[in-house]
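Chemist: build me a structure from this.
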Amino acid sequence: MKEVKHIIEAYEKIDFSARKVVLATVVRVAGSSYRNPGARMLIMDNGQWVGSISGGCLEGDAMRKARQVMRSQQPMLVTYDTMDDDHNELRIGLGCNGVVDVLLEPVAAPGESHSLDHLRGLLTLSSLGVAALVYHSDDHHIIPGERLLLLNDEGLNADYCSAALTDIIGEDLPTILTSRKSATRSYPVDGGTLEVLFEVVEPSIEVLIFGAGADAQPVVNLAKSLGWRVTISDECIAHLAPVHFPMADQLVSCQRGFVNREITVSPYTAIVLMSHNYDYDLEVLKQIVKSEAPYIGILGPKKRADKLFAALEAANINLTEQDLQRIHSPIGLDIGAETADEIALSILSEVLAKFAGRSGGFLKYHKGPIHKRQGVDDQVFKQVYLHSEDDQQQIG
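Modeler: Numbering: from 1, shown residues only. Sure thing, here's the model as predicted:
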């Protein structure tokens, strides 16, 4: 969501009386690509842009194509074939070995732009959803750029599409939501086909840190650089000086016995216990171990974690296999971290791996493609693993 946030922030500062703007969205990827479907880039007629649709290979040509869209004020679907470095149309060696489809849409001023108003809505997500985007249409009742949104806890949002689109694809959104897999689908319509990207969207990760010591500072700063929300809690208010954590979203002074009452934990919360105080960590752990958080990391050696587990058992708090899958101690990935900054990198790398359903190992030893693909046409799609029936099989 960090990229979406930056796009919206830039969009709201544009003087539309002087500027023309285009939104570029990756809608389909077959084979390999630097970015997956859903990657976005806001392009302005003064040569500036925010976001990206590749590792820098496609942006220049996308800007040239965007100028055509600015003049015509009509959406355009552009296909980049990077399979053959010697014969690609951009005359540069991309090395991606994939085919990338990008939708370029003209963008209107705030209040008049469905595409950007739709994106703004994604920033407030509190649960899983599916965003459908039309990127090709032979039906004159439906135009490229129309959008339909299904949120798990709010239902269908059809503010950005025609009734004709809802009639055709409306029943497919719950199926995509249940599968937790992004997809593209083609529908027969009068005169040809309708092609739609179904993108699984989810809220940003929130990191909840218990313990406001000096070693929490790099964790906060790195998490914020990733676009995550960060909350820090400590029962010593002196430790929570804003000057020490200027990037944190929230500082919560909370006594250890009132964590359940004062602090909210969601299915998108990663909890990190790093107070260096055994009794404090134990009391907090008693209250959050049965929460919805899919990740609980505890700083310290394995012997300390074993002692905490034994204390939980003595308090009649029995840890299930699922609980043990969620608890990580020693915390972090094994990257040889020693300094506070390196430990922060190790911790947040593990958090990202957990939410992405990855093991965190070396990619050179990964068998098969890096990104999940559909076997029939080699398309790349995002999959959400957390809180599904496949959790234990996909995530360790």
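
Chemist: just how off-centre is the one helix or strand Glu9 maps to within its chain?
Modeler: Under the assignment given by DSSP states H and E, the secondary-structure element containing Glu9 is helix 2-11. Put simply, helix 2-11 sits 14 Å off its chain's centre (Cα atoms, centre = their mean, to the nearest Å).

Chemist: which residues sit against it?
Modeler: Outside helix 2-11, the residues within contact range by Cβ atoms under 8 Å, 6 or more residues apart in numbering are 21, 23, 39-42, 50-52, 107, 110, 113, 116, 119-120, 122-123, 204, 226-227. Placement of C-beta: from N, CA and C, glycine included.

Chemist: at 6 Å what do you get?
Modeler: Residues outside helix 2-11 that contact it (Cβ atoms under 6 Å, 6 or more residues apart in numbering): Leu42, Val50, Gly51, Leu116, Leu119, Arg120, Leu122, Leu123, Gly227.

Chemist: what does stretch 320-335 give?
Modeler: The set of residues that contact stretch 320-335 without belonging to it, under Cβ under 6 Å, 6+ apart, is Pro294, Ile296, Gly297, Ile298, Leu299, Lys302, Ala305, Ser346, Ile347, Ser349, Glu350, Gly360.

Chemist: one step back: among the contacts of helix 2-11, which two are most distant?
Modeler: Pairwise distances among the contacts of helix 2-11 were taken by Cβ to Cβ; the largest, 18.0 Å, belongs to Leu116 and Gly227.

Chemist: between those two, which one's more packed in?
Modeler: A count of neighbours by other Cβ atoms under 10 Å puts Leu116 above the other of Leu116 and Gly227, at 24 against 14.

Chemist: how about the more buried one, nearest residue that isn't a chain neighbour?
Modeler: Tyr11 (5.2 Å; Cβ to Cβ, 6 or more residues apart in numbering).

Chemist: about what we covered before: ok, of the contacts of stretch 320-335, which one's closest to Asp138?
Modeler: Within the contacts of stretch 320-335, distances to Asp138 taken as Cβ to Cβ reach their minimum at Pro294, with 42.5 Å.

Chemist: pLDDT at the closest one, what is it?
Modeler: On pLDDT, Pro294 comes in at 94.

Chemist: quick check: it vs Asp341, distance?
Modeler: Distance, Pro294 to Asp341, using Cβ to Cβ, to the nearest Å: 25 Å.

Chemist: just want to know which of these two has more residues nearby.
Modeler: Set side by side, Pro294 and Asp341 show more neighbours around Pro294, with 23 against 15, by other Cβ under 10 Å.

Chemist: how about residues contacting the following helix or strand past the helix holding Glu9?
Modeler: Scanning forward in sequence from helix 2-11 by DSSP H and E, the next helix or strand is strand 21-31. When contacts are taken as Cβ under 6 Å, 6+ apart, the neighbours of strand 21-31 outside the stretch itself are 35-37, 39-44, 53, 62, 66, 69, 97-107, 115, 135, 184, 197, 377-380.
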